[in-house]
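Student: A structural model of the following input is requested.
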Amino acid sequence: MDGGQQDQSAQVREFAKPSDLFRWCLRHATHDVHGINYRTCFAEYVGAAQADGYLWRQYDRRLESLIAAVRPGLKVLEVGCGLGHDLCWTALRGATSVGIDIKSEMTGFAEQLLALVRREIDATIAVDIRHTNLMAMDPAEQFDFIYMKDTLHHLEPRAEVIDKLASLLAPGGHILIVEPNAWNPLIQFQMFRIRGFKTVIRKTDVATGEEFVYGNERLLTGGTMVRLFRRAGISGSTRSFRLLPTRLSGRSGLARVASRIEARRLERLVPLLPVHTVFFGRKDRLAGAGQ
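Tutor: Residues are numbered from 1 along each chain as shown. Below is the predicted model of the structure:
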């Protein structure tokens, strides 16, 4: 291995966790696409980019199952890839990664971020970013691991979406869904203020003019996710965690108390307080036989 390859390998090893690359992106990705940029989308994280602590532990905690599973050769799909930093991270760890988003401003930003990561970190990462609807994907394209963050509540029609996800997941493959906790009354109040009684709406892509169906902040409880995915041949479980929302994560006293409670995995005793609910499931190895 020559010196350039050694330097590149050492640089990739610096990004052991998704938050490592996310912080790098906050510092280095300055581009803007139709008003989408890191300072607009992640203002609280930008202010904390140089610090260690509660906010970053929680960022990685959402993706624990992905961190444990990612390996060279794993075929990964991120649904609602957004700005693209987590997708690029999976590829830096050796995965062959596909990211889709229905919003062209998001895929436009993610493509520019991918170019930056390839230029500055690793030119060889295998990433394919697509501006497409999940429902348009070909089930012949199978993935070992599918994940999404804060996306399921925007996907409609819900039952068809879950069946589609199951069709894209290879037998024995895993799926990770990160969502706001539907049992948290403050989160539900915030969602209601945004949507009112309109739980399904139509939106228009800012660049293409294309109309699409959009779930308007319609959250599912963990139990409902388990039941819906089980019907689609995916068995799994949920956990709810993280006591402090992002806006309070920088308060050191609160963060210390929350960290002590969370270290003992006691959030389950206060089900109305956690911020996140995560579903993690596995497709039956026989489930693909009848598809």
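
Student: can you list phi and psi of the closest residue to Arg71 other than its chain neighbours for me?
Tutor: Closest residue to Arg71 apart from its sequence neighbours, by C-beta to C-beta, 6 or more residues apart in numbering: Gly94 at 6.0 Å. The way it works is simple: take the backbone N, C-alpha and C, and place the C-beta from them, glycine included. With angles defined as degrees, to the nearest 10, Gly94 sits at phi 110, psi 0.

Student: can you give me the strands for this protein?
Tutor: 75-79, 96-101, 126-131, 143-149, 169-180, 200-204, 211-215, 234-241, 276-283 (DSSP state E).

Student: CSV for those, including mean pLDDT and mean neighbour count?
Tutor: Shown next, in CSV, are these (pLDDT from 0 to 100; neighbours: other C-beta atoms under 10 Å):
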stretch, mean pLDDT, mean neighbour count
strand 75-79, 99, 24
strand 96-101, 98, 24
strand 126-131, 98, 18
strand 143-149, 99, 23
strand 169-180, 98, 21
strand 200-204, 83, 12
strand 211-215, 81, 15
strand 234-241, 97, 18
strand 276-283, 98, 23
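
Student: ok, which of the ones you listed comes nearest Ala263?
Tutor: The closest of the strands of the chain to Ala263 is strand 234-241. By C-beta to C-beta, the value is 11.2 Å.

Student: still on that earlier bit, list the contacts for the residue nearest to Arg71?
Tutor: Gly94 is in contact with Val70, Arg71, Pro72, Gly73, Leu74, counting by C-beta atoms under 8 Å, 6 or more residues apart in numbering.

Student: so how many other residues sit close to the last one?
Tutor: Translated: Leu74. For Leu74, the count of nearby residues is 19 (other C-beta atoms under 10 Å).

Student: same question, the first one
Tutor: Burial of Val70, expressed as a neighbour count using other C-beta under 10 Å, amounts to 22.

Student: distance to Arg158 added to the strands of the chain, as a markdown table?
Tutor: Shown next, in a markdown table, are those (distance: least, C-beta to C-beta, whole Å):
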| stretch | distance to Arg158 |
| --- | --- |
| strand 75-79 | 14 |
| strand 96-101 | 18 |
| strand 126-131 | 22 |
| strand 143-149 | 13 |
| strand 169-180 | 12 |
| strand 200-204 | 9 |
| strand 211-215 | 7 |
| strand 234-241 | 15 |
| strand 276-283 | 14 |
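
Student: quick one: closest of the ones you listed to His31.
Tutor: Proximity to His31 (C-beta to C-beta) singles out strand 126-131 among the strands of the chain, at 14.4 Å.

Student: quick one: distance of that closest one to the chain centre.
Tutor: Centroid separation for strand 126-131 versus its chain: 15 Å, with C-alpha atoms, centre = their mean, to the nearest Å.
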